[in-house]
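J.: Test case, fold it:
(one chain, ligands or ions: 2)
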Amino acid sequence: MASHFPALEQSYAPGTDSVFSDQSGFYSLDSNVPGLSKVILNKLNMKDYSEYRSAVEGKTRGISFRNYKEMFQKMEETFKFCTGCNKLPEHLAEGEILKRCVKCLNVYYCTKDCQKKDWPQHKKVCKTLRLVAIDRLSEWLMFTGDLPFPTEKWSKSAAEVKTWDDWLAMQGGLSSRVDAILSGANTATLWKNASRPRPDEADLRQSLWRIQSEFLSRVLTVGMAIKYFGLDPYAKPITIHLAGASHSETMGARLTDYDELNHMFPGHQGIEIVMVGPEVVDGPIMRPPLRAFGPRQRVYISAYKALYHQFWEDVVEKEEAVRPDLVVGFHPGFHANQGLLQGWLPTLLLLRDYSIPSLFTMYSELELKYSLQILLELEMHIRDNGSNPFTSQKPEQVQACPNKPPVYCNSHYICFHGLLPREDLEDQGPDN
Ligand SMILES: [Zn+2]
Ligand SMILES: [Zn+2]
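T.: Ligands and ions are numbered 1, 2, ... in the order given. Sure thing, here's the model as predicted:
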């Protein structure tokens, strides 16, 4: 069997990063490459994860970095360790240098030998990791405001739009939007300062779409949940809580982030989105949730920094916020470890016992499987689960294990509602 592995490129390079969706993920780097999280923070001269996160997202670049070149370079350095033996730059022997795989420009090796041994694994993901390496640079355009680009009004009803293709068919081709970004000043700045060649136009176009799809994936998944539970935004205002809203969801969030719902349900009675989570980041969305009816035909976003069950006790129970018609959680990750599960448990029981229509998403089929097990043990009434037609199109690299198959945001989902009905109980719950 042919096992020709690509040559190594000299080490230097770019990169904002998109890998961490939460803090525990950051520190779990160390279980794969011991010391990596510390290296990252030290290299960036940062005290903790939140400082890192805000720099990654361009918020503090003036403080931490002298210029764009340095910013992109420092970020890329967080990817620098030998994918073969996990060696960090500081552990290299005299004269050794980490070199990039020339095909993906994403992973590094300390020696030819390490690369050769790793190739049977790496070749399975090298092609996808090439896209990831482009995306983690293109993603900077989210923080310059070039992305997400504006979208068209829907020419079909929400019920008719079942897949990305249905959505794309209403957009009249994305090329004019994408071309405007590609010929813009920020794209020029980006590729002038990234220490890698500018990819060709087709690669860049696809990259912009993948990043846009990740942004829209959250909105369209909420829309899908509204349809799934038969909520009618034309009949009355709808309140949706995003439980466990993360750093990455709320950092740089704008009041218009869920406006695609206006295209989905034109003329609706008002849709309120409340982002709740301990990692919620301060910004324009940080304003009190509504106590009553939202503004008609508009999406109103607010945010609250707390665990969801605390928010429920402190705000919802005191009637300082409307009760939700729907709760959505993007990648709650309660399957990942006992600590996260403990944090989520009161929320899960609350959602079950108040019989609140809920939809949670996962990064992979495996996560779906583990999450289902946990929800079934809690006797949740699972109504549906499977792959999400509005999954993000952008592959996510597992930073400390680049050869693990990349995952996709919102790739799978579970809908649950109330307590599992029992054969031996006459009362099957209020919603059956
Ligand atoms: Zn090595
Ligand atoms: Zn490669």
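
J.: The nearest residue to residue 181 once chain neighbours are set aside: how many residues sit nearby?
T.: Counting by Cβ to Cβ, 6 or more residues apart in numbering, the nearest residue to residue 181 once its immediate chain neighbours are dropped is residue 146, at 4.8 Å. C-beta here means a position set from N, CA and C on the backbone, and glycine is covered the same way. Around residue 146 there are 21 other residues, counting by other Cβ atoms under 10 Å.

J.: Does residue 146 touch residue 179 like I think?
T.: No - taking Cβ atoms under 8 Å as the definition, residue 146 is not a contact partner of residue 179, at 11.9 Å.

J.: so how far is stretch 153-165 off the chain centroid?
T.: 23 Å (Cα atoms, centre = their mean, to the nearest Å).

J.: buried set for it?
T.: Residues of stretch 153-165 classed as buried: 154, 158, 161, 164 (neighbour count, 16 or more other Cβ atoms under 10 Å).

J.: So which residues of the stretch 251-400 of the chain form strands?
T.: 271-276, 299-304, 326-329, 358-362, 380-387, 395-396 (DSSP state E, counting those that start in this stretch).

J.: Kindly reformat those strands as TSV containing mean neighbour count, distance to ligand 1 and mean pLDDT.
T.: Below are these laid out as TSV (neighbours: other Cβ atoms under 10 Å; distance: least, Cβ to the ion, whole Å; pLDDT from 0 to 100):
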stretch	mean neighbour count	distance to ligand 1	mean pLDDT
strand 271-276	27	42	97
strand 299-304	22	44	96
strand 326-329	24	39	98
strand 358-362	27	32	98
strand 380-387	16	36	97
strand 395-396	20	24	94
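
J.: Export the ones you listed to JSON lines and append columns for distance to ligand 2.
T.: Converted to JSON lines, the strands of the stretch 251-400 of the chain look like this (distance: least, Cβ to the ion, whole Å):
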{"stretch": "strand 271-276", "distance to ligand 2": "37"}
{"stretch": "strand 299-304", "distance to ligand 2": "39"}
{"stretch": "strand 326-329", "distance to ligand 2": "34"}
{"stretch": "strand 358-362", "distance to ligand 2": "27"}
{"stretch": "strand 380-387", "distance to ligand 2": "27"}
{"stretch": "strand 395-396", "distance to ligand 2": "13"}
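
J.: These into TSV, with extra columns for distance to residue 245?
T.: Shown next, in TSV, are these (distance: least, Cβ to Cβ, whole Å):
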stretch	distance to residue 245
strand 271-276	4
strand 299-304	7
strand 326-329	8
strand 358-362	13
strand 380-387	21
strand 395-396	18
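
J.: what's the neighbour count on the nearest residue in space to residue 107 that is not next to it in sequence?
T.: If the residues on either side of it in the chain are set aside, residue 107 comes closest to residue 83, at 4.3 Å by Cβ to Cβ, 6+ apart. Residue 83 has 25 neighbouring residues, counting by other Cβ under 10 Å.

J.: Let the chain start at 43 from now.
T.: That works, and once the first residue is 43, the last one we named lands at residue 125.

J.: how close does residue 125 get to ligand 1?
T.: Distance, residue 125 to ligand 1, by Cβ to the ion, to the nearest Å: 8 Å.

J.: Up against ligand 2, what does the stretch 93-242 of the chain have?
T.: 143, 145, 146, 168 (Cβ under 5 Å from the ion).

J.: From those, which land in helices?
T.: residue 168 (DSSP state H).

J.: Where does the stretch 193-342 of the chain get nearest to ligand 2, residue-wise?
T.: The stretch 193-342 of the chain approaches ligand 2 most closely through residue 238 (13.2 Å), counting by Cβ to the ion.

J.: right, and that residue touches residue 147 too?
T.: Yes - proximity of residue 238 to residue 147 meets the contact threshold set by Cβ under 8 Å, at 5.5 Å.

J.: show me where pLDDT drops low in the stretch 293-442 of the chain?
T.: Scanning the stretch 293-442 of the chain for pLDDT under 70 picks out nothing.
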